[in-house]
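J.: From the sequence below, what's the structure:
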Amino acid sequence: MNKLIKFALIVVVLAGIGSVVLTNKLAGTKRAQQDEIAKLGGELKTTTDTLTNTKQRLEQTSTALAQTQGTLDKANADLQATRVTLGQREQEIQTVKTQLTEKEKAAAEAKQKAATADQTVEEIRTVLKEAGFEDVTNLEEVGNKLKAQAQEKQVLAAQLEKLAAENARLQQQATKVEAAPAFRTPANLRGRVAYVDNKWDFVVLDVGARDAVQPNTMFLIYRNSKLIGKAQIVSVAQTTAIGQLLPEFAKGTPQTGDFVVH
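T.: As a prediction, this is how the structure comes out:
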């Protein structure tokens, strides 16, 4: 009987020890899980903050792009208006040239008539003087008309000179606008993947506005000379650019450090 009691006591003691060990082990596991949960919570907050900052930069870049596009549209509109005005000026110049040619022709004819009239006038004056008449004023109307045409020719020539100067100014302005550099991403531009978001299917590249990257530019993504995918730029910052991954070109999952080329 004493042996049975001793055995029972031993069992109870062992059970107590096992319970304490199990309790300590469970407490350690719980603390480890709590630490892991806290760590995951911190990583989740960091990722959320990063995504929020990226979205803010995307909105800012979209606004800047809209402003740039507005400036470009205005420049194109100004160029079109300048071309229309230039066309109108050229038509006006052509009209003035035509009028000037007609006036020159009329002036030449008038001069010829005037020369003939002068000869006739002299003959008439001689006859009239011989007949005793001195008033021959009405015979000078042809000369007055010739003088009026000469004055009109001078006015047209001044107008033509003014239109020619305006035409030269408009042509210079149009040439200057047409010579403005086009907004294009440099060919063969290279960079690296700085960040990947597989949930939203976008990547952040380490090239941006300082490298002349433009929205809608396509970049191929490589890893060790193997094509991984293709991204289209949707937002550009000063030193980075955000690209949307195109699922139809997906041949793998992009990773930070992958090589990109335009």
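
J.: what about A164, is that helix, strand or coil?
T.: When classified by DSSP: H, G, I helix; E, B strand; the rest coil, A164 comes out as helix.

J.: Now do the contacts for it.
T.: Contacts for A164 were tallied using CB atoms under 8 Å, 6 or more residues apart in numbering; they are I93. To be clear about C-beta, it is placed using only N, CA and C from the backbone, and glycine gets the same treatment.

J.: Now do it, the pLDDT please.
T.: With respect to pLDDT, A164 scores 71.

J.: Could you measure from T95 over to L163?
T.: Separation of T95 from L163 (CB to CB, to the nearest Å) stands at 9 Å.

J.: Ok, N224 next?
T.: N224 sits 67 Å away from L163, going by CB to CB.

J.: So which of these two has more stuff around it?
T.: Applying other CB atoms under 10 Å to N224 and L163 shows that L163 carries more neighbours, namely 18 against 7.

J.: The closest residue to the more buried one other than its chain neighbours: helix or strand, and which one exactly?
T.: Distances taken as CB to CB, 6 or more residues apart in numbering place I93 nearest to L163, at 4.7 Å, with adjacent residues excluded. Following DSSP states H and E, the helix or strand that holds I93 is helix 2-131.

J.: residue ranges with poor pLDDT in the stretch 51-200 of the chain?
T.: The model of the stretch 51-200 of the chain has pLDDT under 70 over residues 75, 82, 110, 114, 117-118, 120-121, 123-146, 149, 167, 170-183.

J.: and if we set it to 80?
T.: Within the stretch 51-200 of the chain, the segments meeting pLDDT under 80 span 54, 58, 61-93, 95-101, 103-104, 106-153, 155-160, 162-183.

J.: Which pLDDT value belongs to T50?
T.: pLDDT, T50: 81.

J.: now do N24
T.: We note a pLDDT of 73 for N24 in this prediction.

J.: From K30, how far off is it?
T.: The gap separating N24 from K30 is 11 Å, by CB to CB.

J.: same thing with K113?
T.: The gap separating K113 from K30 is 122 Å, by CB to CB.

J.: And the two? Which one has more around it.
T.: Comparing K113 with K30 by other CB under 10 Å, the one with more neighbours is K113, at 14 against 10.

J.: Distance check, E59 against L156.
T.: Look at E59 and L156: by CB to CB, they are 60 Å apart.

J.: Between those two, which is the more surrounded one?
T.: More neighbours surround L156 than the other of E59 and L156, with 18 against 11 (other CB under 10 Å).

J.: residues contacting the closest residue to that one other than its chain neighbours?
T.: Closest residue in space to L156, ignoring its immediate chain neighbours: L100 at 4.9 Å, by CB to CB, 6+ apart. Contact analysis of L100 by CB under 8 Å, 6+ apart lists 153, 156-157, 160.
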